[in-house]
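1. need a 3D model of the following:
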Amino acid sequence: MDKIVNMESIYSKIKPYLLLHLVWRLEDFKNGRTEIIMPDNFIQCAALRLPKATTFKPHKHKYHTITDTDRVAQESWVVLSGKVKVIMYDIDDTILAEPILNTGDSSFTLHGGHNYLVLSDEAVVLEYKTGKYINQEHDKVFIKK
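-> Presented below is the predicted three-dimensional model:
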């Protein structure tokens, strides 16, 4: 897989070809549409900076049966206000990076582990992750500090 440009891309030190985390900054938004996440990932995201009166053809999305059962949950945080530190872990649970997200920034965990620490008095965040979420015991393995 090609390395993604115009953002912070964090690769595994154990498997250097494996993209684990991305940080997308508000200043990374370009005019038009920019695909942030490569299409072979379960979570998808595009950045859109569009002028007034931009519109699209009305549409709906088709249902698909997913037969690939070897998937890991992927997660994204979009900081609407505040400041958040993301602790990004490699596949062996060692810390790889600790970027600070400000208003308008986002992080994506495709593989590996993560944690978040709110640094401002308050943070307002949108969290996106792939589903179907069953429960904590079924879907998470906690990293020992």
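2. please state the offset of stretch 44-55 from the chain centre?
-> 19 Å (CA atoms, centre = their mean, to the nearest Å).
3. what's the mean pLDDT across it?
-> Mean pLDDT, computed over stretch 44-55, is 84.
4. repeat for stretch 120-130
-> What stretch 120-130 shows for mean pLDDT is 89.
5. what does it contact?
-> With CB atoms under 8 Å, 6 or more residues apart in numbering as the contact definition, stretch 120-130 has outside contacts at 42-43, 45, 71, 73-84. The way it works is simple: take the backbone N, C-alpha and C, and place the C-beta from them, glycine included.
6. can you pick the most crowded of those residues?
-> Taking other CB atoms under 10 Å as the neighbour criterion, residue 79 ranks highest of the contacts of stretch 120-130 with 24 neighbours.
7. that one in helix, strand or coil?
-> At residue 79 the chain is in strand, as set by DSSP: H, G, I helix; E, B strand; the rest coil.
8. next, count neighbours for residue 111.
-> Neighbours around residue 111, by other CB under 10 Å: 17.
9. ok, now which ones touch the residue lying closest to it once chain neighbours are set aside?
-> Using CB to CB, 6 or more residues apart in numbering and skipping residues adjacent in sequence, the residue nearest residue 111 is residue 20, 4.8 Å away. Applying CB under 8 Å, 6+ apart to residue 20 gives the contacts 10, 11, 12, 88, 89, 90, 91, 96, 109, 110, 111, 112.
10. now do the helices in this structure.
-> Taking DSSP state H as the criterion, the chain carries its helices at 136-139.
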